[in-house]
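Visitor: the sequence and its predicted three-dimensional model are supplied below.
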Amino acid sequence: MTTNIVWHKHEVNKQTRAESLGQTPRVVWLTGLSGSGKSTLANLLEKKLHDEGKHTYLLDGDNIRHGLCGDLGFSDTDRVENIRRISEVAKLFVDSGVIVLTAFISPFKADRSFCRNLLGENEFVEVFVDTPLEVCEQRDPKGLYKKARNGDIKDFTGIDSAYEAPVNPEIHLEYRDESAEDTAERLYHLLAEKGLV
Ligand SMILES: Nc1ncnc2c1ncn2[C@@H]1O[C@H](COP(=O)(O)OS(=O)(=O)O)[C@@H](OP(=O)(O)O)[C@H]1O
Ligand SMILES: Nc1ncnc2c1ncn2[C@@H]1O[C@H](COP(=O)(O)OP(=O)(O)O)[C@@H](O)[C@H]1O
């Protein structure tokens, strides 16, 4: 629906904003099953970056679904629309010069690719939080797996809704039986090794 709408170029742009903030804006996109640790790790990573003086913003599934995506459920179609909106918002934040962290299941490859293609080169950093289903189910921090197994929730990712694992993510965060703080530290170093934080 972009007929008769012309894009405005502004004097102050992504580059000038990034320069004044002294950082390279990008999106660190965490994807993984419910309970894999996305929110916990994104939160710890954001704290670390914030303490370093970086300008960050964390977009978190549970929170966004209260507002911007409050009208969406968990059918495949709604999940596609959810990730489309998040991707557009993430792009705006990147344009503002900010380092964005996202914590959404984002189960479909095509939708993660959509976000990658929306952003510039090296601006989309896919992090696969690869925690096995058995571990997520055992953690079950919100009791949702139990409800899904009992049939009280339908279309639950990993149970009766698909999760398409990333094939070539920038960061593959393999599961280890360790504290969340240790995993967050490992994530930070994996990103730093590649010059992404
Ligand atoms: N059916 C079903 N499947 C998966 N998850 C469910 C479902 N119903 C509710 N929840 C809760 O919603 C959170 C996932 O929202 P997302 O926006 O990340 O999902 S998605 O990316 O659109 O697939 C997810 O949060 P996380 O556990 O933090 O991943 C759940 O708490
Ligand atoms: N190494 C770890 N990394 C991340 N979370 C962990 C780890 N070990 C235990 N946990 C716990 O697992 C749960 C993960 O939940 P959450 O971060 O909400 O996951 P998600 O956002 O992917 O649904 C939290 O209760 C967290 O404390």
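Guide: Structure's in. What do you need? Ligands and ions are numbered 1, 2, ... in the order given.
Visitor: quick one: contacts for residue 5?
Guide: Listed by CB atoms under 8 Å, 6 or more residues apart in numbering, residue 5 has no contact partners. No exception for glycine: its C-beta is placed from N, CA and C like everyone else's.
Visitor: quick check: the residue of the chain nearest ligand 1.
Guide: Scanning the chain for the residue nearest ligand 1 gives residue 61, at 2.9 Å (criterion: CB to the nearest ligand atom).
Visitor: that residue: what's it in contact with?
Guide: 38, 39, 103, 104, 105.
Visitor: okay, now the nearest residue to the third one once chain neighbours are set aside: neighbour count?
Guide: Excluding its sequence neighbours, the residue lying closest to residue 103 (CB to CB, 6 or more residues apart in numbering) is residue 38, at 3.9 Å. Residues lying near residue 38 (other CB atoms under 10 Å) number 26.
Visitor: so residue 38 versus residue 62, what's the distance?
Guide: 10 Å (CB to CB, to the nearest Å).
Visitor: ditto for residue 20
Guide: Counting by CB to CB - residue 20 and residue 62 are separated by 32 Å.
Visitor: equivalent analysis for residue 39, please.
Guide: Taking CB to CB, one finds residue 39 at 7 Å from residue 62.
Visitor: ok, which stretches of the chain are helices?
Guide: Secondary structure of the chain by DSSP state H: the helices cover 14-21, 38-51, 61-64, 76-95, 109-118, 133-139, 144-149, 180-193.
Visitor: around ligand 2, pick out the residues from this protein.
Guide: Taking CB under 6 Å from any ligand atom as the criterion, the chain approaches ligand 2 at residues 32, 34-41, 103, 139, 141, 178-180, 183.
Visitor: in those, which residue is surrounded by the most others?
Guide: residue 103 leads the residues of the chain next to ligand 2 on contacts (other CB under 10 Å) with 29 neighbours.
Visitor: farthest pair within the contacts of residue 61?
Guide: Based on CB to CB, the longest span within these runs between 39 and 105 and measures 10.8 Å.
Visitor: just to revisit the earlier point, which of the helices of the chain sits closest to residue 156?
Guide: helix 144-149 (3.5 Å).
Visitor: mind checking the longest strand of this structure?
Guide: Among the segments of the chain that qualify as a strand by DSSP state E, the longest is strand 124-130.
Visitor: so which residue of this structure comes closest to ligand 2?
Guide: Closest to ligand 2 within the chain is residue 37: 2.7 Å, counting by CB to the nearest ligand atom.
Visitor: with adjacent residues omitted, what lies nearest to that residue?
Guide: The shortest distance from residue 37 to any non-neighbouring residue, by CB to CB, 6+ apart, is to residue 129 (5.4 Å).
Visitor: just list whatever residues bridge to the one you found.
Guide: When assigned by DSSP bridges, residue 129 has beta-bridge partners residue 173.
Visitor: which non-adjacent residue is nearest residue 174?
Guide: Nearest non-adjacent residue to residue 174, counting by CB to CB, 6+ apart: residue 130, 5.4 Å away.
Visitor: touching, the one you found and residue 175? I think so.
Guide: Yes - with contacts counted by CB atoms under 8 Å, residue 130 reaches residue 175, the gap being 5.9 Å.
Visitor: before I go, just wanted to say thanks for your time.
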